[in-house]
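Peer 1: fold the following.
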Amino acid sequence: MYRSVYDLKSFYASPMGHVVQHLIQKRIASFWPNLQNMRVMGCGYAVPYLAPYFDKAERVIAMMPSGQSAHEWPANGKNLVMLSSEYELPLENCSVDRILLIHTLEGTQSLAPFLSEVWRVLKPNGRILVVVPSRTGFWARADWSPFGHGSPFTLSQLCFYLRDNLFVQERTESALFVPPLRLSLMMRSANVLEHMGRNIWPFFGGVHMVEASKQLYASTDKNSGSGLPERVRKFIGGRPVAAPQGFSSNKKKKCEENSQ
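Peer 2: Got it, this is the predicted structure:
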């Protein structure tokens, strides 16, 4: 179940929302320090974290799920938000370099079809960054925040879902060690508390952050893919590779061109 997009917008406009945005944005920058000339997409409610890439990326877009509704963004300039079903993204195969998933997986009712669509639109050398509430963190209990809604994850659960949907885990981190207390002292000390938390109690972060790449099964032996599920026994450029369900043969050519 999704919160209303205006609840999310209101949270990020609040003093605590600014603190959360600042802390998570720093961790995102550590994963992706250089997005020069890349196509970047945010899924869920990613708009607070996409603005820094306007001047660097080739293109920046935000997808907001239909169950959440959407608002225009940015406030000044051409709208870069699309309202879409999670299970049928209006994008070409292999067309995006980086995808940020935040405030999305914990509210998605069917993870496999959604991750299949993310796999489809991601370039072969692309990366996704997933940010989800931690089941063991305090923020998952703060129902006044967007991290207190939906289904939180353990790190092992999240990595399993990604692996099961043809993504390779590359790097994991935790963030948001600041307690979810709307106190001025807490907000003023956010950077210090975050630094302490990362070093003293690393297992109690409010969110898990996992970077993953697109998994491709390749082999020179055409029979080597016989043990794979039917949905991954597809071919691009004469090689058997993993492809999500719905990746039909008439879409191969575009993906092949983008992968060269």
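
Peer 1: what's the helix or strand containing residue 25 packed up against?
Peer 2: Residue 25 is part of helix 15-31, with elements assigned from DSSP states H and E. Here helix 15-31 touches helix 5-13, helix 47-50, strand 122-133, strand 167-175, helix 184-188, helix 190-200, strand 207-214, going by 3 or more CB pairs under 8 Å, 6 or more residues apart in numbering; DSSP states H and E. Backbone N, C-alpha and C define where each C-beta goes, glycine included.

Peer 1: which one of those lies nearest to residue 92?
Peer 2: strand 122-133 (10.5 Å; CB to CB).

Peer 1: show me the shaky parts of the stretch 151-260 of the chain.
Peer 2: 217-260 (pLDDT under 70).

Peer 1: ok, residues contacting the helix holding residue 25?
Peer 2: Helix 15-31 is contacted by residues 10-12, 48-49, 52, 100, 102, 129, 131, 145, 171, 173, 175-176, 178, 180, 182, 187, 190-191, 194, 207, 209, 211 when judged by CB atoms under 8 Å, 6 or more residues apart in numbering.

Peer 1: pull out the buried residues from the residues you listed.
Peer 2: Buried members of the contacts of helix 15-31, counted by 16 or more other CB atoms under 10 Å: 11-12, 48-49, 100, 102, 129, 131, 145, 173, 175-176, 178, 180, 187, 190, 194, 207, 209, 211.

Peer 1: for the residue nearest in space to the middle of the chain, helix, strand, or coil?
Peer 2: Centroid-nearest residue in the chain: residue 101, 1.8 Å away (criterion: CA atoms, centre = their mean). Using DSSP: H, G, I helix; E, B strand; the rest coil, the structure places residue 101 in strand.

Peer 1: residues touching it, list them.
Peer 2: Applying CB under 8 Å, 6+ apart, the residues contacting residue 101 are 42, 43, 44, 46, 118, 128, 129, 130, 131.

Peer 1: quick check: the second one touching residue 118?
Peer 2: This means residue 43. Yes. Counting by CB atoms under 8 Å, residue 43 touches residue 118, with 7.2 Å between them.

Peer 1: need the residues touching each of these two.
Peer 2: By CB under 8 Å, 6+ apart, the residues touching both residue 43 and residue 118 are 99, 101.

Peer 1: what's the closest non-adjacent residue to residue 104?
Peer 2: Distance criterion CB to CB, 6 or more residues apart in numbering; nearest residue to residue 104, sequence neighbours excluded, is residue 44 at 2.8 Å.

Peer 1: run a quick neighbour tally on the closest residue to residue 111 other than its chain neighbours.
Peer 2: Leaving aside its sequence neighbours, residue 111 sits nearest to residue 161 (CB to CB, 6+ apart; 5.6 Å). Other residues within reach of residue 161 by the criterion other CB atoms under 10 Å amount to 18.

Peer 1: check residue 37 too.
Peer 2: Close neighbours of residue 37, defined as other CB under 10 Å, add up to 10.

Peer 1: cool, and residue 121?
Peer 2: Neighbours around residue 121, by other CB under 10 Å: 21.

Peer 1: what about it, distance to residue 207?
Peer 2: 24 Å (CB to CB, to the nearest Å).

Peer 1: and what of residue 72?
Peer 2: Look at residue 72 and residue 207: by CB to CB, they are 27 Å apart.

Peer 1: which regions of the stretch 1-150 of the chain lie under the pLDDT threshold?
Peer 2: 1-2.

Peer 1: let's see that with 90 instead.
Peer 2: For the stretch 1-150 of the chain, the stretches with pLDDT under 90 are 1-4, 54-56, 66-69, 75-77, 109.

Peer 1: looks like residue 95 contacts residue 123 (just checking).
Peer 2: Yes. Residue 95 is within contact range of residue 123, at 7.1 Å (criterion: CB under 8 Å).
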